[in-house]
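**Student:** With the sequence up front, the predicted model follows.
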Amino acid sequence: MSTADHNTKRGRDLLAMMERIRAFEEQACLAAERDKLVLGAIHPSIGQEGVAAGVMCNFNRDDILLSTHRGHGHTLAKGADPLAMMRELLGREGGCCGGKGGSMHIADFGVGMLGANGVVGANITIAAGAAHGLKLQGSDRVVVDIFGDGAINRGPFLEGVNWASVFDLPILFVCEDNQYSATTKTSSVTGGPGAAARAESLGLRATTVDGNDAEAVADITAEITARIRAGGGPEMLHAITYRRTGHTSFDPAGYRPNGESEHEAKTNDPIARQRAVLAGMGLSTDELDAIHAAAQSEMVQVLADAAATPFPADEMALQDVQDIGSPAQEAY
Amino acid sequence: MSTADHNTKRGRDLLAMMERIRAFEEQACLAAERDKLVLGAIHPSIGQEGVAAGVMCNFNRDDILLSTHRGHGHTLAKGADPLAMMRELLGREGGCCGGKGGSMHIADFGVGMLGANGVVGANITIAAGAAHGLKLQGSDRVVVDIFGDGAINRGPFLEGVNWASVFDLPILFVCEDNQYSATTKTSSVTGGPGAAARAESLGLRATTVDGNDAEAVADITAEITARIRAGGGPEMLHAITYRRTGHTSFDPAGYRPNGESEHEAKTNDPIARQRAVLAGMGLSTDELDAIHAAAQSEMVQVLADAAATPFPADEMALQDVQDIGSPAQEAY
Amino acid sequence: MVKMTFVEASREALREMMQADETVWCVGEDLGRGSVFGQYLGLQDEFGPDRVADTPISEAAIMGAAFGAAMVGTRPVVEMRFSDFALCATDELVNQIAKARFMFGGQSRAPMVIRKPIGLWRSSAAQHSQSLESWYVHIPGLVVLCPATPQDNYSMMKAAIRCDDPVVYLEHKNIWGMEGEVDTSLEIELGKAAVRRQGADVTLVSWSDTANLCVQAAKTLAAQGVDAEVIDLRSLWPWDKEAVVSSVRKTGRLVVAHESVAVGGFGAEVVATVVEQAGDALRGPVRRLGAPRSLVAYAPNLEDKMRVTEQMIVTAAKETMGK
Amino acid sequence: MVKMTFVEASREALREMMQADETVWCVGEDLGRGSVFGQYLGLQDEFGPDRVADTPISEAAIMGAAFGAAMVGTRPVVEMRFSDFALCATDELVNQIAKARFMFGGQSRAPMVIRKPIGLWRSSAAQHSQSLESWYVHIPGLVVLCPATPQDNYSMMKAAIRCDDPVVYLEHKNIWGMEGEVDTSLEIELGKAAVRRQGADVTLVSWSDTANLCVQAAKTLAAQGVDAEVIDLRSLWPWDKEAVVSSVRKTGRLVVAHESVAVGGFGAEVVATVVEQAGDALRGPVRRLGAPRSLVAYAPNLEDKMRVTEQMIVTAAKETMGK
Ligand SMILES: Cc1ncc(C[n+]2csc(CCOP(=O)(O)OP(=O)(O)O)c2C)c(N)n1
Ligand SMILES: Cc1ncc(C[n+]2csc(CCOP(=O)(O)OP(=O)(O)O)c2C)c(N)n1
Ligand SMILES: [Mg+2]
Ligand SMILES: [Mg+2]
């Protein structure tokens, strides 16, 4: 394959992944709002797909990913089955966690996805530890840990990043900076210049990238992961993007400046930008639309299939607690 | 008073305070090792007195201090009564915490000393909060929080310093860097360049000083506290010194390179250095020896008086738990 | 009497306390937007961002800083959002706040109200559903409150803010919208239980939303000829042993029910205390209801397996009577 | 049979497990120097700094990183130094480690041993003296062990490392030097109690160092004509209800004693369970001993007020017999 072909293939894959993530989350939001099938909260990453697609295309199936409450995109991009994920969002049998975790606790160990997390920042030390374990095992696998801009104000950020630095671990920390922490503009509660400066102060090389430019994210992550795979130690990628939805699918986000989100959608959508890149490489509008349509129909079907799946068997309520000791309430 | 006189007075005060701290801790170590009167652990700051004396001479009685397990020096320099402190180390009535806290929990609210702490790093968020409280009250008092080099690897360092940064609080953070964390050389478990860089990444101005040069510590702290009192916001002082004893008075510290401590004692003792400074200002050896002797006899008497004090009344075991709810075991 | 929801009740109490005492302030994430459940709606507009402070996502610092601010004379109301996240600030609460007054020989006070919404709330899953009241009762230095009605949430919030001890204040997430009449002049002494229903046959002891379930169960039991007394402890430390013991001396029968895990739950303390202090008065087997020692799943049917139900309470009550 | 101290026993067990299974490793502060009580002395020399890892003072990261490493197939032994400091890692233990297997639908395991030295140790004061075993028993997903003898510390440490569940392993700081004969071939099934003394008159239930005190008390009682059975639970989750219930069915009398705070302690769970399962067998009042709901002071005489003593156990046993 020529470099140009190679670039086109990667560009197409990036677009396809972003379209699939977008379509998955649009269906998930419909399932939540229109169909009332999602009973817990979901945190869409609509508008942030450039980070998921651009970062994750540099990792293999047997590499390790840890993510956050806003982790559908990362998980899909790691190779998880969208039907198992949608079932999980609906709390159904065959969900990737058997319906026991829901959106905030999605995990698919089969593709190296060791869990979203309902506690902001908690994945950072755990991810460092996964890298620690891999290093102890002499493995050549690496870890990528994605967290939000809000997480850098929690203690585990310092402890986990310092840990990776001290033990020189094969891990990429990605701060996916969508500029908001729930209803708060993150910059208003963050001292100093932010994620990259903090990581540097802990001994890491840190790089900042436009997270809505999927090509740029993919390029820079390729360079970084090459260094990490070569034993260069942990690094930080600070990817700047924008949270277009509310914090959850139900949040109208009235705390944002008027028009901010609409402006971002119009001028800075990672999918639109990638379509433009591919058009520049010579792809036709039809080709691009076909990628969109394929993603749409895949995810419409996924939701339909998920909705047709039964809830888990009641006995599962007491399964997988622990090996020893009965969980049953038998006090009387 | 002329500037020269002023300088001589401050220099003398610095020496006197360092001599008193040294004498207090020497007596405390004797009480522990020779007399078996100290039943819990004590953490001497012998060799680190330059930090305590140099920093604290810039704070008033109604300013607030929070400190660590190695806090005798800071507490004395804040103006606490050494007899009440020694009684506390011996667990006696009239100890500054009534004998209930011991060395690791010394506090003297009467002089604005809100507590040593047995949990490394825990004082950092609390100190930020004290400054927050003062700011809410419109007070012009300021806070100084002293912690060790080991504490910068704990989450509360990031959360507390970021907090002070975000709320722009009147607080000086002092990292008293004695190069060791218990039996570990701190640099071996610390990523990046250390305390100052971390504070800067969180938006603070940070200054590094030779902690064994009491004059330099006093000078730079004077500049910093002037800025803080003028509303300039939080700052960090990184004071480099050396822990000459083991971690506790009982620790032989065999993990250190041979001769390291002895070399420091010989070449870098803050008291010897301050004596030299004062000799340069014209003080005679007799004058300097008199300062030493006064400190020695004060603290010998303090130990004798403390040892002659009874233990607290047994009823104190159930006092000062809380206002409501009886602490007594009355289940049967 | 004013009609209020559970969430309005504590918000109104907080507002009045903030008006009356300028040392009272609130601190937590997203308070300017009312926090997750609207507990602070409008307060930042009224009192400004200094007294209703929006913070970084830093639970340890929220707890620790509030404590520092309490030691210098302010009275913080600390918001932990979900009680689960409060676990990120356990050292601060348990090793620092609860211990300072004693450890420092009485020199300090920590007048703080630490709000931790608890309990099952549809499909919140394992990290957003816990009720760990029994942990806090086990920690000397802490007051532990579990209001279950708008009236109690109003009056107890006021009492909690007035209290000079650190108060762990556990509101149940499932009843924010519960309506009730509130007498704003009613003062509640912390540590006194509410007898929600008088009865002669069996004593049902509970707290938080499960106390409301017990009131329901008592109605059902009445229809079946069983006259249940319902005691809502509302305060778990101090707790009203006298009310429970004297009720059991009257009825001779005891059911304790709570939403949290049964093993190691506070229900065990209630049963053990009754046995120690009034074991001779028991005229039937004792029953204790709580969640299995399993986790709260996302799927609704699995989540339901963690719930104590009205039917379970009814059955247990009848069992104590040999029915 | 080999003579070992309590600290040697778990160190030897750990060494053997590390020799047998190269996925086992240790992680914590100052391990290279043996940690605070010499629990790791010599192990870094033998196994190198990768498998006996010295860490920053970062309890949250120690716990969290060990968990991450466990999920990718290693078996960490985590050192928390004093159980009190483990509170800095509560989210990691309770929200993450304990919940992951269930929450992820059985995809993960967290085979970890989390060592938290507990208990009173002369003049360690309020932040270095706690015993919070009842907290961990209340958390689904965790195994909770409290060995009280060198034999148990040897055999239970091995079983704990073999166990695929996360194990909270609570050694008492006061008995590191306790000597005893150890049969290195003896395997102990987790969840089985040890009957430390057979007796017909009263059942004394305890764990950790208080179990040793009960053995002493039983000797004193024997001299006074009371034949006490001493049950050392050693494992609090799972715990050996059968052993306790059948003993109480035999003796008809129960004393539960532990060092931790009585209110909300695991003793309440034992009493409540016995009352529920064998209430009919009780022939005297039940007694529960634990610390007052106060804090541990530095002054030795005040510290002593928090101790359950042999005399208190003797008195309580006699009271259950109406003596
Ligand atoms: C420790 C903790 N505190 C608070 C929360 C509530 N919470 C959930 S998501 C969120 C905002 C997180 O912001 P960020 O890290 O930027 O991620 P984003 O939601 O923007 O993807 C908050 C405050 C939580 N889950 N965990
Ligand atoms: C959270 C916590 N972890 C571990 C300890 C045990 N410990 C006490 S002092 C100490 C070393 C602290 O080093 P540093 O902060 O540099 O202070 P120094 O002792 O050198 O003054 C350690 C590890 C503790 N007290 N608290
Ligand atoms: Mg964000
Ligand atoms: Mg140090």
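**Tutor:** Happy to help now that I have it. Ligands and ions are numbered 1, 2, ... in the order given.
**Student:** Report the beta-bridge partners for the residue in chain A that ligand 3 sits nearest to.
**Tutor:** Scanning chain A for the residue nearest ligand 3 gives A:G148, at 3.8 Å (criterion: C-beta to the ion). Every C-beta, even on glycine, is put in place using the N, C-alpha and C of the backbone. Here A:G148 sits in beta bridges with A:E176, going by DSSP bridges.
**Student:** Can you give the contact residues for the helix or strand encompassing C:M156?
**Tutor:** Using DSSP states H and E, C:M156 falls within helix C:150-162. With contact meaning C-beta atoms under 8 Å, 6 or more residues apart in numbering or on different chains, helix C:150-162 is reached by C:4-6, C:8-10, C:12-14, C:16-17, C:21, C:24, C:75, C:77, C:113, C:143, C:145, C:147, C:167, C:169, C:171, C:178-184, C:186-190, C:194, C:232, C:234-235.
**Student:** For the stretch 151-300 of chain A, which residues are neighbours of ligand 1?
**Tutor:** Applying the criterion C-beta under 6 Å from any ligand atom, the portion of the stretch 151-300 of chain A that neighbours ligand 1 consists of A:151, A:178, A:180-182, A:186, A:243.
**Student:** ok, of those residues, which one's closest to C:Y298?
**Tutor:** A:A182 (20.5 Å; C-beta to C-beta).
**Student:** With adjacent residues omitted, what lies nearest to that closest one?
**Tutor:** Beyond its immediate neighbours in the sequence, the residue positioned closest to A:A182 (C-beta to C-beta, 6 or more residues apart in numbering or on different chains) is A:H247, lying 4.7 Å away.
**Student:** can you check A:G325 too?
**Tutor:** Distances taken as C-beta to C-beta, 6+ apart put D:P238 closest to A:G325, at 3.3 Å, once the chain neighbours are dropped.
**Student:** And the one you found, how far from D:V144?
**Tutor:** Computed with C-beta to C-beta, to the nearest Å, the distance linking D:P238 and D:V144 is 9 Å.
**Student:** Could you report the distance from C:E303 to B:A77?
**Tutor:** Counting by C-beta to C-beta - C:E303 and B:A77 are separated by 57 Å.
**Student:** Neighbours of whichever residue of the stretch 151-300 of chain A sits closest to chain B, how many?
**Tutor:** Nearest residue of the stretch 151-300 of chain A to chain B, counting by C-beta to the nearest C-beta: A:G155, 1.7 Å away. As a burial measure, the neighbour count of A:G155 was computed by other C-beta atoms under 10 Å in any protein chain shown and equals 31.
**Student:** still on that earlier bit, ChimeraX command for the buried members of the contacts of helix C:150-162?
**Tutor:** Filtering those down to the buried ones (16 or more other C-beta atoms under 10 Å in any protein chain shown) takes a single ChimeraX command:
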select /C:4,5,6,8,9,10,12,13,14,16,17,24,75,77,113,143,145,147,167,169,171,178,180,182,188,190,194,232,234,235
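**Student:** from the contacts of helix C:150-162, which ones fall inside helices?
**Tutor:** Among the contacts of helix C:150-162, the residues falling in helices (DSSP state H) are C:6, C:8-10, C:12-14, C:16-17.
**Student:** elements contacting the helix or strand hosting A:A272?
**Tutor:** In this structure, A:A272 is located in helix A:270-280 according to DSSP H and E. In this structure, helix A:270-280 makes packing contacts with helix A:3-33, helix A:49-56, helix A:214-229, helix A:285-307, judged by 3 or more C-beta pairs under 8 Å, 6 or more residues apart in numbering or on different chains; DSSP states H and E.
**Student:** give me that answer again for 10 Å
**Tutor:** Under the contact definition 3 or more C-beta pairs under 10 Å, 6 or more residues apart in numbering or on different chains; DSSP states H and E, helix A:270-280 sits against helix A:3-33, helix A:49-56, helix A:214-229, helix A:260-267, helix A:285-307.
**Student:** ok, back up a step: pLDDT value on the residue of chain A closest to ligand 3, please?
**Tutor:** According to the model's per-residue confidence, A:G148 sits at a pLDDT of 98.
**Student:** can you count the residues close to residue 28?
**Tutor:** Went with chain A since none was named. Using other C-beta under 10 Å, A:A28 has 27 other residues around it.
**Student:** To clarify, I was referring to chain C.
**Tutor:** The number of residues packed around C:G28, counting by other C-beta under 10 Å, is 24.
**Student:** Verify the stated contact: C:S247 with C:A278.
**Tutor:** Yes. Contact status for C:S247 versus C:A278: in contact at 9.4 Å, counting by C-beta atoms under 10 Å.
**Student:** tell me the contacts of A:A306?
**Tutor:** For A:A306, the contacting residues are A:27-28, A:31, A:37, A:82-92, A:94-95, taking C-beta atoms under 10 Å, 6 or more residues apart in numbering or on different chains as the criterion.
**Student:** And for A:L303?
**Tutor:** When the contact criterion is C-beta under 10 Å, 6+ apart, the partners of A:L303 are A:23-24, A:26-28, A:30-31, A:35, A:37, A:82-83, A:86, A:89-90.
**Student:** Could you find the closest non-adjacent residue to it?
**Tutor:** Nearest-residue entry for A:L303: A:Q27, 4.3 Å, with adjacent residues in sequence omitted and distances by C-beta to C-beta, 6+ apart.
**Student:** isn't that neighbour right up against A:Q296?
**Tutor:** Yes. Taking C-beta under 10 Å as the definition, A:Q27 is a contact partner of A:Q296 at 8.7 Å.
**Student:** Quick check: the residue of chain A nearest ligand 1.
**Tutor:** When scored by C-beta to the nearest ligand atom, chain A has A:G148 as its residue closest to ligand 1, at 2.3 Å.
**Student:** For residue 276, report the pLDDT, please.
**Tutor:** No chain in the question, so chain A it is. The model reports A:A276 with a pLDDT of 98.
**Student:** think we crossed wires, I meant chain C
**Tutor:** C:E276 is assigned 94 on the pLDDT scale.
**Student:** and the helix or strand hosting it with helix D:266-278, angle?
**Tutor:** Take DSSP H and E as the rule and C:E276 turns out to sit in helix C:266-278. Taking axes from the mean of the first three to the mean of the last three C-alpha atoms, to 10 degrees, helix C:266-278 and helix D:266-278 form an angle of 70 degrees between their directions.
**Student:** what about helix C:266-278, distance to the chain center?
**Tutor:** Centroid separation for helix C:266-278 versus its chain: 19 Å, with C-alpha atoms, centre = their mean, to the nearest Å.
**Student:** in chain A, which residue is closest to the centre?
**Tutor:** Among the residues of chain A, the one closest to the centroid is A:H74, at 2.7 Å (C-alpha atoms, centre = their mean).
**Student:** Apart from its neighbours in sequence, what residue is nearest that residue?
**Tutor:** Here the nearest residue to A:H74 in space, its sequence neighbours aside, is A:S67; by C-beta to C-beta, 6+ apart that works out to 4.4 Å.
**Student:** Distance of A:A293 relative to ligand 2?
**Tutor:** For A:A293, the distance to ligand 2 under the criterion C-beta to the nearest ligand atom, to the nearest Å works out to 56 Å.
**Student:** Look at that residue and say how many residues are nearby.
**Tutor:** The tally of other residues near A:A293 (other C-beta under 10 Å) stands at 12.
**Student:** State the number of residues packed around A:N60.
**Tutor:** Neighbours of A:N60 under the rule other C-beta under 10 Å: 15.
**Student:** That one contacts A:S139, doesn't it?
**Tutor:** No. Here A:N60 lies out of contact with A:S139, judged by C-beta under 10 Å, at a distance of 11.7 Å.
**Student:** sorry, back to before: and the helix holding A:A272 with helix A:49-56, angle?
**Tutor:** Interaxial angle of helix A:270-280 relative to helix A:49-56 (the same axes, to 10 degrees): 70 degrees.
**Student:** can you pull the buried residues of helix A:270-280?
**Tutor:** Along helix A:270-280, these residues count as buried under the neighbour rule (16+ other C-beta under 10 Å): A:270-271, A:273-275, A:277-278.
**Student:** Please report how far the nearest residue to C:I57 once chain neighbours are set aside lies from A:G194.
**Tutor:** Distances taken as C-beta to C-beta, 6+ apart put A:G150 closest to C:I57, at 4.6 Å, once the chain neighbours are dropped. Summarising the geometry, the distance separating A:G150 from A:G194, computed by C-beta to C-beta, is 11 Å.
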